[in-house]
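*Asks:* pasting the structure only:
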């Protein structure tokens, strides 16, 4: 494993998640003092924000040199669980697993994908368990907690190794209960790679993030937005925002962006009577499937945008160093709601990327001061101001793993450093063609696929969950951008032409 010096710590423990430092930021002492003061202000206002649940004396946040139980549970994100994110993505966590680890997956197993990760990618033998689901709305974490077989396997693995890591997609309360049960029964140290549940929920809250990002970075560093707690306030703020901005959006506070965005057409709503506007909004919210949506965020939907950026961080314990900014990526989005469809390493000029890196480092240090540990990313938009200086607005925090960080970490595992190759994360939908099995996918795309024994280039399937629907989440590696794009087109062509 490649361990960043910042993460080695005094114990010299070997982390199972390789971190490669690409951006080092030295904040001046006065800025660090200001950030510490702001953290104390947040803690005074919310004193229980950073308190981890006391499920077992053997459980705490962190990572140790021990096997892991990995659980990608999306139930902490509004709409994601009910839209099938668990079934589609729970296998992505296998890309973070290694020899001797345990993986819990939602619904059913895909042995062919397990063999692909083991034999084609060389990630090691992982024991995969699909816990029984009590009903379609049960979260993966709760299903794990109720599965005596899974608990017994995790306890045995922990006792044999002298400890266990629980590596979640996001550190929900249910994940902490699961880790606590394992720690209580095993009687050995169990570490959870994530923050306390209350802090996790806070940082993923767009309203909370907008407030404290503005306090830290300045009001000009975030889009114009307001929190609203009812329909009357929503109508009032929408009218005000529509007079000030060309387009306006309303957002769910805890949703992944595209699922929780409604972008409004200003001319259509401007001047509309309050009763009619209320009826239209209620109808739009119902059609979007937003149940009990308040509080909501009203925000300017900014344009034109030069880039939609994602800064990827690892936040260690303070004694192990400062937050690490591993990379800055351009997100590829589609449709009016900015649905995420992929990402590439940012090719913005260095001076602009430095602004992104410094802002992300300051946000990461604030979170670290609050007790945050683990994977985190910050999304921002770079406005196209023509010849004027670049204007960067921080939009939200993703206090969890995601569609960029998992492939990035996988590349570190496969190649030692994600930055040693050009890369593209892409979602492809082959319209008008039937879905296919894992075996069919491998047969069709074999000439374009990455293998551990190969030349360090090719396509990697990130999850098997959408194959039956004719959709493919891919990581494409190449020696340069042209090779990556060529391989991406070749995969799409092979998938579209199969059987013709």
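*Replies:* Thanks, I have the structure now. The structure displayed is predicted, hence computed values, not measured ones.
*Asks:* only C-alpha atoms from now on, for both contacts and neighbour counts.
*Replies:* Fine.
*Asks:* need the contact list for residue 461.
*Replies:* Applying CA atoms under 8 Å, 6 or more residues apart in numbering to residue 461 gives the contacts 472-475.
*Asks:* which members of those residues are the farthest-apart pair?
*Replies:* The span of the contacts of residue 461, defined through CA to CA, is set by 472 and 475 at 9.9 Å.
*Asks:* sorry, back to before: which one (most neighbours) among the contacts of residue 461?
*Replies:* residue 475 (27 neighbours; other CA atoms under 10 Å).
*Asks:* now do the phi/psi pair for it.
*Replies:* Per-residue torsions, residue 475: phi -110, psi 120 (degrees, to the nearest 10).
*Asks:* any idea how far residue 261 is from it?
*Replies:* Counting by CA to CA, to the nearest Å, the gap from residue 475 to residue 261 is 26 Å.
*Asks:* again, but for residue 435
*Replies:* For residue 435, the distance to residue 261 - CA to CA - is 29 Å.
*Asks:* before we move on, which element is residue 325 in?
*Replies:* strand 324-334 (DSSP states H and E).
*Asks:* please, where are all the strands along the stretch 251-400 of the chain?
*Replies:* Shown for the stretch 251-400 of the chain, the strands assigned by DSSP state E, counting those that start in this stretch span residues 261-265, 296-300, 305-315, 324-334, 339-345, 374-383, 391-398.
*Asks:* residues contacting the strand holding residue 325, please?
*Replies:* With CA under 8 Å, 6+ apart as the test, strand 324-334 has contacts from 6, 19-24, 307-315, 339-346, 353, 356-357, 360-361.
*Asks:* counting neighbours, which of those residues end up buried?
*Replies:* Neighbour-count burial (16 or more other CA atoms under 10 Å) applied to the contacts of strand 324-334 gives 6, 19-21, 307-315, 339-340, 342-346, 353, 356-357, 360-361.
*Asks:* how long is stretch 224-236 from one end to the other?
*Replies:* Using CA to CA, the end-to-end distance of stretch 224-236 comes out at 15 Å.
*Asks:* so which of the strands of the stretch 251-400 of the chain is nearest residue 58?
*Replies:* Closest of the strands of the stretch 251-400 of the chain to residue 58 is strand 374-383, at 18.8 Å (criterion: CA to CA).
*Asks:* who touches that closest one?
*Replies:* For strand 374-383, the external contacting residues (CA under 8 Å, 6+ apart) are 62, 193-195, 302-316, 360, 390-401.
*Asks:* what's the angle from it to strand 305-315?
*Replies:* 160 degrees (axes from the mean of the first three to the mean of the last three CA atoms, to 10 degrees).
*Asks:* strand 374-383 pairs with which strands?
*Replies:* If you go by DSSP bridges, strand 374-383 pairs up with strand 305-315 (antiparallel), strand 391-398 (antiparallel).
*Asks:* so can I have JSON lines of those strands showing distance to residue 287?
*Replies:* Below are these laid out as JSON lines (distance: least, CA to CA, whole Å):
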{"stretch": "strand 305-315", "distance to residue 287": "27"}
{"stretch": "strand 391-398", "distance to residue 287": "24"}
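*Asks:* where does this protein have low pLDDT?
*Replies:* Along the chain, the model assigns pLDDT under 70 to residues 1-15, 257, 336-338, 387, 499-500.
*Asks:* excluding sequence neighbours, find me the nearest residue to the spatially most central residue of it.
*Replies:* The residue lying closest to the centre of the chain (CA atoms, centre = their mean) is residue 402, at 2.6 Å. Once flanking residues are discounted, residue 402 sits nearest to residue 169: 7.6 Å by CA to CA, 6 or more residues apart in numbering.
*Asks:* do residue 328 as well
*Replies:* Sequence neighbours aside, residue 311 is the residue nearest to residue 328 in space, at 4.5 Å (criterion: CA to CA, 6+ apart).
*Asks:* and that neighbour, what does it touch?
*Replies:* 325-329, 356-357, 360, 377-379.
*Asks:* please repeat the previous calculation with a cut-off of 6 Å.
*Replies:* 327-328, 377-378 (CA atoms under 6 Å, 6 or more residues apart in numbering).
*Asks:* and if you look at residue 315?
*Replies:* Residue 315 sits next to 323, 373-374 when contact means CA under 6 Å, 6+ apart.
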